[in-house]
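Q: any chance you can model this:
(one chain, ligands or ions: 1)
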Amino acid sequence: MVCLVADVSGRRWTISWNLSAGVFHALSAVPRATWHAADGASVMPEIAIVGAGFIGLASAAALMRDGHRVVLFDPSGVGQGASFGNAGTFAHYACIPVNNPSVFRDLPRFLLSNQSPFRLRWGYLPQLAPWLTRFLISSLPRRYEASAAALAALLGRAQDGYAPLLAQPELARFVRPRECLYLYSNAASFDAAQAALGLRSKLGVAFDVLAGNDIRALEPSLAPIFERGVLFKDSWHFSDPQGFLQALYERLAAQGLKLERSSVSAVQPSADGATLTVDGVARRFSHAVIATGARSAQFARQCGDAVPLDTERGYHVRYPGAQQLISRPVGWAERGFYMTPMSDGLRVAGTVELGGFNETRNRALLDLLTFASKRALPTLATPDNHWLGFRPSLPDGVPVLGRSSAGARVIYAFGHQHLGLTLAGISGRIVADLVAGRAPPLELAPYAATRF
Ligand SMILES: Cc1cc2nc3c(=O)[nH]c(=O)nc-3n(C[C@H](O)[C@H](O)[C@H](O)COP(=O)(O)OP(=O)(O)OC[C@H]3O[C@@H](n4cnc5c(N)ncnc54)[C@H](O)[C@@H]3O)c2cc1C
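A: The predicted structure follows:
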């Protein structure tokens, strides 16, 4: 990265050129008063990012492309949280949120059936009730269409958001450019999905519809139980999501990114920055980015915003050595999971459990993933490992991206539900635009924390 810095009209202008990516940036809007001197020389003020998952790291990358100094805080280190065990799919086609009108038809069956990939921990219902009420309201046709449009607007820019990251060979090596196949085991489910597929088309998602024979020609190891399928154009997946984040971290660390394995307990915005409480010590930064996934509501509250964030728990099981059975991510619509070939085996990831942050794993859902994946791929043996992750979910299925109400220098980037990997690049770019005072690539009103 080559940077030219000049003070003009009371502002510091930075022009940076990323030589390897050939990306050219012109940056500004940082008043000189916010800079401070160290050993007599001007230095960039530090920006704190809380959370080192997909969103925190992509934000760090975008801010550092602008020449900022960045400190990441995360007690768990890099790429843990929900970012660790997801299905790895770049799902730019997934603009249909879980809150959609089919909920009213399917929810009773989902909640009562032991075959359902959608579960509720009944003991959590009293705490969940306000979220669930908003979720149901957000599933009404007009509301859901607004959520789908907001997601589609971000998803349509998701690939551009990744471009500066994937221009680096050491990061691009984690990308597998095989389009995702989404399957239906009976015609009735495929028919029921027509309205959602129609809305996807309307919102610009490109796909081919496949018959059973086409599916078997693409993926011969699959059992012949799938009647219809959809192949989403230009999608891809990561062979190792956490490995990608570790490689990104190492690249950024070599350029000066600092990681502190500490928990942040408070964020206090002010007119010229933000004060973070880290291990009981108050520390000042020029800006703070809240990227703590499902744990972000407490910080939003401290910064003046009541955000109804909860979690959709999800699981994965891993079959070591079985990644050769399929060549691409394969989703099973009725069963609510993906099977993704990864570098360390076949990962079967998905399901939704509404049950808060309890660490206890739902054996029935893990068994369901195992049973159903073996139905789809009969030669699978036994999983050697399982994982539980906490998706950060707002009841309308749309993330929060924007400034806090109590201070413009606290930036929110959380609530990416099933799409945090996919939306990481564009979210990081939006964070950097807000810090720089540039216009973001799209109108941010639908993503505001104040929309609730
Ligand atoms: C089963 C499953 C499958 C999925 N599949 C996909 C997929 O195929 N494609 C896709 O796009 N998305 C997928 N997702 C969703 C995706 O994983 C999430 O949206 C994404 O990981 C969220 O990233 P994040 O950085 O916001 O949060 P996280 O990855 O959860 O990171 C938040 C970080 O904040 C840290 N933190 C929390 N509190 C504090 C604190 N007080 N101080 C400091 N740090 C703190 C945590 O330690 C954590 O590391 C899936 C999720 C699940 C569960």
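Q: close to the ligand: what parts of the stretch 151-300 of the chain are there?
A: Taking Cβ under 6 Å from any ligand atom as the measure of proximity, the stretch 151-300 of the chain contacts the ligand at S263, V264, A291, T292, G293, A294, R295. Where you see a C-beta, it was placed from the backbone N, CA and C, and this is true even at glycine.
Q: please apply the same query to the stretch 1-150 of the chain.
A: 50-56, 73-76, 80-83, 86-89, 91.
Q: lowest-pLDDT helix or strand in the protein?
A: Taking mean pLDDT, DSSP states H and E as the measure, strand 36-38 is the helix or strand of the chain with the lowest mean score, a mean of 36.
Q: the residue of the stretch 301-450 of the chain found nearest the ligand and A94, how far apart?
A: When distances are taken as Cβ to the nearest ligand atom, the stretch 301-450 of the chain approaches the ligand most closely through G420, which lies 2.2 Å from it. Here the distance between G420 and A94 works out to 11 Å (Cβ to Cβ, to the nearest Å).
Q: any idea which of the residues of the stretch 151-300 of the chain next to the ligand is closest to D106?
A: Using Cβ to Cβ, A294 is the member of these that sits closest to D106, with 23.9 Å.
Q: now the closest residue to P45 other than its chain neighbours, what are its backbone angles?
A: The shortest distance from P45 to any non-neighbouring residue, by Cβ to Cβ, 6 or more residues apart in numbering, is to S286 (3.4 Å). With angles defined as degrees, to the nearest 10, S286 shows backbone torsions of phi -70, psi -30.
Q: what's the closest non-adjacent residue to the most centrally placed residue in the chain?
A: Residue closest to the average C-alpha location in the chain (Cα atoms, centre = their mean): G420, at 0.4 Å. Beyond its immediate neighbours in the sequence, the residue positioned closest to G420 (Cβ to Cβ, 6+ apart) is F54, lying 4.9 Å away.
Q: what's the pLDDT at the one you found?
A: pLDDT, F54: 98.
Q: tally of neighbours for it?
A: 31 (other Cβ atoms under 10 Å).
Q: now do the contacts for it.
A: G79, S83, P241, L245, H416, G420, L421, A424 (Cβ atoms under 8 Å, 6 or more residues apart in numbering).
Q: among these, which ones are in strands?
A: Assigned to strands by DSSP state E, none of these qualify.
Q: can you put those in JSON lines and add distance to V317 and pLDDT?
A: Rendered in JSON lines, the data for those read as follows (distance: Cβ to Cβ, whole Å; pLDDT from 0 to 100):
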{"residue": "G79", "distance to V317": "19", "pLDDT": "97"}
{"residue": "S83", "distance to V317": "18", "pLDDT": "98"}
{"residue": "P241", "distance to V317": "16", "pLDDT": "98"}
{"residue": "L245", "distance to V317": "21", "pLDDT": "98"}
{"residue": "H416", "distance to V317": "23", "pLDDT": "98"}
{"residue": "G420", "distance to V317": "20", "pLDDT": "98"}
{"residue": "L421", "distance to V317": "19", "pLDDT": "98"}
{"residue": "A424", "distance to V317": "24", "pLDDT": "98"}
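Q: filter those to the buried ones?
A: Neighbour counting over those (16 or more other Cβ atoms under 10 Å) leaves G79, S83, P241, L245, H416, G420, L421, A424 as the buried ones.
Q: which ones among the residues of the stretch 1-150 of the chain next to the ligand lie within helices?
A: Per DSSP state H, helices hold the following members of these: F54, I55, G56, G81, A82, S83.
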